[in-house]
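Colleague: Got a predicted structure here, sequence first:
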Amino acid sequence: MGIKDLNKLYYIKKNIKELEEELAELNNLGAAPITDSIKGNKVSNPTEMYVIKRNRILEKLNKVRHEYLEEYEKISDFINDIEDEEIKLIARLRFIKQKDWVYIAEEISPEDETRDRTTPRKKINRYLKNLEEKNERKNY
């Protein structure tokens, strides 16, 4: 699993937030009383158009939430298999909790005044690169 795979949760979460905002905006329009049933194939009523649009957004939102849960499980399993506890913490903070590098640097070494936000990033990148190289050697 590479950085691109590990960052998927971030982008899926952003997509969920955008869909939720779109749904909230649609709900704030104050359409006429809504029923969940639509009669016929033709959409001529604003309320019917509202219901159709709302249902489409809800379907997308449910699909993306399901995708989030699947990716969360994959990434969480990958992180749980990391033996080095410091790397595991860095990975969990970055890819599950989606914290920034400064926060992570402070978490892994709060007593170190010379800590650098690039240190955790370098450590996780080095770990993933070594893992990738090990997998490539194993495949040969």
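Modeller: Good, I have the coordinates. Residues are numbered from 1 along each chain as shown.
Colleague: Quick one: distance of the helix or strand where residue 47 lies to the chain centre.
Modeller: For residue 47, the element it lies in under DSSP states H and E is helix 46-80. Centroid separation for helix 46-80 versus its chain: 11 Å, with Cα atoms, centre = their mean, to the nearest Å.
Colleague: Next secondary structure after it?
Modeller: Next helix or strand after helix 46-80 toward the C-terminus (DSSP H and E): helix 85-91.
Colleague: Give me the buried positions along that following helix.
Modeller: Neighbour-count burial for helix 85-91 flags 87, 89, 90, 91 (criterion: 16 or more other Cβ atoms under 10 Å). Bear in mind the C-beta positions are built from the backbone N, C-alpha and C, glycine included.
Colleague: any idea of the pLDDT on the second one?
Modeller: Put plainly, it is residue 89. Listed pLDDT for residue 89 reads 94.
Colleague: doesn't residue 108 make contact with it?
Modeller: Yes - judged on Cβ atoms under 8 Å, residue 89 makes contact with residue 108 at a distance of 6.3 Å.
Colleague: Outline the domain layout of the protein.
Modeller: Domains of the chain are assigned by automatic domain parsing as 1-81, 84-140.
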